[in-house]
Structures are given as C-alpha cells and as structure tokens.
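>>> My questions concern the predicted model and sequence given below.
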Amino acid sequence: MKERGKVCIILSGFVGEYNDGFCYGMERQAELLGYETTVYSMLSFEHLNTNDEESIFETIPFDTFDGLLFIERSFSAHKGVGRKIDGILGKYCKIPTVVLGNSDFFPEHLTMNNELEFEVITDHLIEDHGCKSLCFLGGLKEHNSKRIEGFLRSLRNHSIETGPETLLYGGYWIDCAQRLAKNIASGKVKKPDAVVCIDDIVAYALISDLSDYGIRVPEDILVSGFDGHSKADNPAVSILTINADAEYWGGKSFCVLYEKMTGESAVVYKEREFHLITGRSCGCERKQRTDVKELLRHRKMVDMQEMYYANSEIVERLYTAPDQDEFVRRFEHLVYLIPDYNYVALCRYTPDDRVNCIFATEAIAAGNPEILPPGVVYPDDTTVEEQVMNRHVVPLNFTSQKLGYIVVGYPEATTYTNLFQRICRHIAIGLFLLKERENNTVAAKPEVRRVRSVVAEENTAGAAYREREDEVEKLPAAESAAQATAIFVLKDDIMCKVNVSNVYYFEAVDKKVFAHTKGGNYESRQKLYELEQMLLSRGFVRISKSVLLSVDKVARIKPDVDRTLLVYLTDKSTVRVSRKYVKDFKERLVIT
C-alpha cells in the first residue's frame with residue numbers, strides 16, 4: 001500500500017463551532033487525497049490567559065511533514081499569538097504552507113470570500129425590515145474584508161448613502177461591541193436602524209451591552225451576526241445569522257496546499273452552501289434548519305458520555321496518585337472516557353526538557369523508548385498505523401507550567417469535544433500535583449540521610465535512632481506548612497489556586513471540605529485534619545469537629561449558650577466554637 005503523506009494543521013482550539021468546520025474539512029479532504037493529519041491546538045484559547053499553551057506550536061517538527069495549514073483566522077481572540085506563530089513559520093518552516101487568514105510572511109494566503117453572505121444579510125434587513133441607516137461593526141481597517149464589501153454592495157444596490165459612522169472598525173472581539181453600545185447610549189454615535197456585526201460573538205455581546213443601557217433588540221434597534229455560532233441560538237434574543245460553510249473552506253484550503261505539494265489540482269469534496277437563519281434580533285421568528293433525528297442521536301450520545309465522566313471519579317484518581325507508576329495505572333483505566341479514539345499517547349516533560357512517553361495504547365507500547373528522540377512527538381504505531389488517519393496534539397499546562405501533552409489518534413476526520421477539554425485539564429492538574437509530590441520527596445531525602453549519619457556517629461541506641469528518624473521524616477511536611485501560602489481548590493469542576501490569606505474558614509460537610517472566602521466557596525480535596533496540620537503556622541485553629549477557622553478573620557467574640565462562643569468574622573458571617581475547642585481557641589487568641 002502506498003505510504004500516506006503527512007500534513008500539519010495549526011488551530012487555536014476547538015469549541016464545537018466555526019473553527020471545527022475548518023479543521024474537519026481539512027481532515028476529510030486529506031483522507032480523500034491520501035494524507036494523514038496532525039492537528040496542534042490549545043485548550044485555553046478562549047481565555048485571556050492562555051496558560052502559555054501556545055508554546056506547543058514551538059515543538060512542531062516541520063521537516064517531518066509534507067505540508068502545513070495554518071488557520072490564522074481562528075486566533076482572532078489572540079492576535080499576538082497568531083502573529084507569533086506566523087513569524088515562527090516564516091523563519092523555520094521550509095515546507096509548502098497555506099495560511100487561512102492573514103499573513104506577513106506568506107503572500108499566497110487564502111481568505112474566505114463571504115461577500116455574498118453579507119450582501120444577503122444586509123438585503124434582508126433593508127428589504128424585509130425597511131432599514132434605512134445601517135452600520136458595520138468589526139474588522140480591521142488595514143484588511144480588505146470581503147464581508148465589508150458585501151455589506152457596502154448591498155447599500156449601493158439600494159441607494160443608501162454611507163458616512164463616517166457606516167464602518168465602525170474594532171477588530172474581531174467583544175470590546176468593539178462594548179464601545180459601540182456605550183457610544184450609542186451616550187449619544188456619541190447616532191443610533192442606526194440596524195448593526196451588521198462581523199460575527200455572532202460580537203453580535204451577542206452588542207445585544208447584551210445595549211440591554212444594560214436600556215436599548216432593546218429588536219424593538220429599538222436590529223442586530224445581525226455571522227457564522228452560525230451557538231450564541232446565535234441563545235434563548236433570550238436569537239440572532240439573525242448565516243450558517244457559513246466553514247467545512248467547504250477547510251477542504252478548499254487543503255486543495256490549495258495539495259497543488260503546492262504535488263503540482264496537481266484537486267476538487268473540493270463538497271459544494272459550497274450557506275443558509276440565512278432568521279432570528280428575533282431582526283424581528284423575525286427563528287427558522288431552524290436542524291435535522292431533529294440527528295440532533296436527538298447526538299444528544300443521546302453526549303448524555304451517555306457525560307454519565308461515564310460523572311461516574312469516573314477522574315478528579316479523585318488523578319489528583320491523588322502518589323507516584324508516576326500509579327498515575328499511569330489510573331490514567332489507563334480512564335482512557336475509555338475519550339470518545340472514538342484508536343490511539344492515545346501521554347507524554348511528560350522531564351526536568352531537562354526531554355519528552356518522556358509515560359503511556360501509550362497497548363497496541364503501540366511494545367518496543368518504543370520511554371524517552372523520545374529529539375524531533376519525535378509521539379511513538380510510531382506499528383500495529384494499527386493504517387487506521388490512524390488524524391492525530392490531535394494538545395498541551396497539558398497548569399499555572400503556566402509546561403507539564404507535557406497528550407496525543408489522540410482517530411480513524412477518520414474528528415474534532416474533539418468540550419468533554420475532552422475537561423479531561424485534559426484534569427490530566428494537567430494531576431501531573432502538576434504529581435510533580436509537587438515528587439519535588440517534596442526529593443527535597444526530603446537529603447535531610448533524612450544527614451540525620452542518620454549524625455545519629456550513627458553518636459552511637460545512639462536503636463530505639464532512639466528510629467525515634468529521631470521518624471521525627472525528621474515529618475520535617476518536610478512542617479517546612480511545607482510554614483511556607484504554605486496558597487491551596488488548590490475546585491470551582492465548577494476546574495482546579496484553581498486560592499491564597500490562604502483569603503480564606504475565612506474551612507468546613508467539612510457530607511464528607512467534603514469547603515473553603516469559604518469573600519469571593520465564594522470552593523471545594524478542597526484535602527481532609528480537614530490535613531489542612532489543620534498544613535496551616536497551623538498560618539493562623540488557623542480548629543473550633544469544632546467540622547470547622548477550621550482563620551484567627552486573622554475574627555472581628556469580635558460573644559459568649560453563647562452551653563459555654564460555646566459565637567465568633568463574628570470580618571465579612572459579617574458567624575461561626576460557633578464548640579465547648580471542646582474553647583480552651584485551645586482562647587489560647588491561640590491569648591484570651592483570659
């Protein structure tokens with residue numbers, strides 16, 4: 001069988017939306033033309049803090065691929081990251097490359113021609129709703145946007161004059177919507193009949209911000225979007241949009257790359273199509289174009305995957321693994337949570353920045369070294385190679401620490417889900433906590449050896465030796481407690497760091513421990529007695545069987561019934577000191 005070619009795809013990340021269509025179209029076209037793909041993407045691309053996940057793009061071994069596709073337009077929320085990648089490709093990538101979006105280094109970049117779609121949207125607002133004054137929101141002045149051209153062509157066809165407030169540039173993110181809503185409310189910008197937004201996310205933000213100023217959509221102003229994003233289906237104000245054919249443009253991009261790689265032309269596997277989807281934002285009823293049977297089938301599958309995830313105890317298993325071997329063993333029993341895979345490799349960075357493949361699916365594990373050679377991202381699959389058509393490489397970072405990455409292979413064109421993103425975050429946090437335990441263990445060993453030698457030199461009796469050794473074994477925990485300034489807690493199934501100084505008290509409820517702070521309540525995976533030992537030197541004292549209190553948060557104390565104490569905290573909340581703990585509590589507060 002002819003060996004398949006290999007193509008690399010760089011994407012900001014998957015959200016079950018527009019980006020996914022680009023990547024799916026590229027993967028599907030690659031399959032038909034005899035290529036396999038490897039997709040590099042981030043998990044936190046929708047957040048302002050990317051957790052340094054963009055560093056995964058610096059590890060790409062360009063010379064192992066026949067070509068590369070860079071979906072630059074998917075980095076609209078992080079233009080700086082997109083420009084950085086563009087620069088890396090311009091300097092180091094010597095293979096045929098196609099950029100979907102804008103590029104400073106690749107003049108043959110491919111831009112989507114959405115001129116017709118925006119002409120159709122604008123025509124609908126003018127012809128069906130009688131709009132006379134319209135403005136376009138979004139985009140960059142230096143970019144010749146086809147979307148703007150379609151909007152302007154519709155205005156010309158209907159003899160509508162344009163002015164300085166017709167094109168309101170502002171990029172591709174929600175800050176431009178926030179500015180426009182404020183300017184309309186203050187009268188700085190005259191309220192138009194309709195605003196044509198560059199995409200659905202901007203349109204959704206504009207509707208929300210206008211509402212905050214008392215300006216109603218569609219009663220006071222009409223708004224449209226673009227992309228067919230899930231935001232357009234929101235239950236409050238459904239948005240007039242167009243379900244653009246991102247899948248077609250993904251296939252088109254691969255055909256352009258194919259011609260650069262081989263000199264031969266190729267035909268996109270599907271016809272280009274788009275549909276106008278009306279919504280309440282323009283005063284129309286929502287007209288769905290959804291296959292109900294397919295929607296129900298998908299919903300059933302998602303519900304089943306969520307049920308498996310909820311019952312997997314992934315947090316308890318990965319966050320508490322005492323060593324790497326146990327972590328791998330537990331991870332192996334959780335791989336089933338990843339839908340539709342036929343290849344999984346979990347790689348971890350070593351202290352000297354090498355790559356240690358600590359897990360690979362059984363079919364490929366034999367004969368592969370744990371430490372991967374330079375330029376090798378994942379072990380070769382010698383057993384099911386013909387079945388792995390597409391791979392996804394995802395970074396595993398936490399608190400901006402690069403811990404490793406996971407590689408998942410699929411037998412056909414596939415985009416990973418939000419569930420997979422959550423699984424990856426738990427793996428990253430588990431690796432972070434494992435690294436912390438390993439560092440503490442390494443730090444403890446030299447101290448134990450030092451005391452043993454001293455005790456041996458003093459010819460201490462065996463019993464005394466063992467007693468002293470036990471004491472020193474506990475020393476690192478005491479040192480750790482003295483230095484503990486933050487703890488890791490769970491909020492909405494995501495691990496985050498909370499400063500100890502912000503915690504008022506810890507409370508054990510139904511076998512769970514919660515940290516109460518001014519900003520909210522968080523679940524801790526540590527037992528109350530563990531927190532008590534760790535935070536002893538940080539001003540925390542046990543005041544009941546279920547409560548550990550920060551003495552720094554005490555405002556005043558009032559004797560209460562049954563010889564208990566009622567403690568008023570600085571946030572106006574109260575807790576009670578039970579009789580058994582009153583004496584210790586008073587001693588910590590130096591109360592007589």
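Great, that's in hand. Numbers count the residues shown, from 1 in each chain.

>>> Tell me the bridge partners for Cys8.
Thr38, Leu68 (DSSP bridges).

>>> number of nearby residues for it?
Cys8 has 24 neighbouring residues, counting by other C-beta atoms under 10 Å. Glycine gets a C-beta too; all of them are placed from N, C-alpha and C.

>>> mind listing what it touches?
Thr37, Thr38, Val39, Tyr40, Ile60, Phe62, Phe65, Gly67, Leu68, Leu69 (C-beta atoms under 8 Å, 6 or more residues apart in numbering).

>>> again, only using 6 Å
Listed by C-beta atoms under 6 Å, 6 or more residues apart in numbering, the contact partners of Cys8 are Thr38, Phe65, Leu68.

>>> For burial, what's the neighbour tally of the second one?
By the measure other C-beta under 10 Å, the count of residues near Phe65 is 22.

>>> ok, it to Leu167 distance?
Noted for Phe65: a distance of 40 Å to Leu167, by C-beta to C-beta, to the nearest Å.

>>> next one: Lys497
Distance of Lys497 to Leu167, computed by C-beta to C-beta: 44 Å.

>>> Between these two, tell me which one has more neighbours.
Higher neighbour count among Lys497 and Leu167: Leu167, with 17 against 11, using other C-beta under 10 Å.

>>> Return the set of residues that bridge with the more buried one.
Phe136.

>>> can I assume it is in contact with Phe136?
Yes: counting by C-beta atoms under 6 Å, Phe136 is a contact partner of Leu167 at 5.3 Å.

>>> what pLDDT does Val554 get?
Here the pLDDT value assigned to Val554 is 92.

>>> Over to Gly367?
Gly367 is assigned a pLDDT of 53 by the prediction.

>>> now swap in Val267 and tell me
pLDDT recorded at Val267 is 96.

>>> and if you look at Ala477?
Taking Ala477 on its own, its pLDDT is 41.

>>> Find the residue closest to Lys6 in space, skipping its chain neighbours.
Leaving aside its sequence neighbours, Lys6 sits nearest to Phe65 (C-beta to C-beta, 6 or more residues apart in numbering; 5.0 Å).

>>> Report the contact partners of the one you found.
Neighbouring residues of Phe65 by C-beta under 6 Å, 6+ apart: Lys6, Cys8, Ile95.

>>> Please convert those to TSV, extending it with pLDDT.
Below are the contacts of Phe65 laid out as TSV (pLDDT from 0 to 100):
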residue	pLDDT
Lys6	95
Cys8	97
Ile95	95
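
>>> ok, so of the residues you listed, who is nearest Ile207?
Cys8 (38.3 Å; C-beta to C-beta).

>>> Check which helix or strand the nearest residue to Gly404 once chain neighbours are set aside maps to.
Nearest residue to Gly404 in three dimensions, chain neighbours excluded: Arg348, at 3.9 Å (C-beta to C-beta, 6+ apart). Element membership of Arg348 [criterion: DSSP states H and E] is strand 343-349.

>>> Mind giving me the packing neighbours of that strand?
Judged by 3 or more C-beta pairs under 6 Å, 6 or more residues apart in numbering; DSSP states H and E, the packing partners of strand 343-349 are strand 355-360, strand 401-410.

>>> Good, wrapping up.
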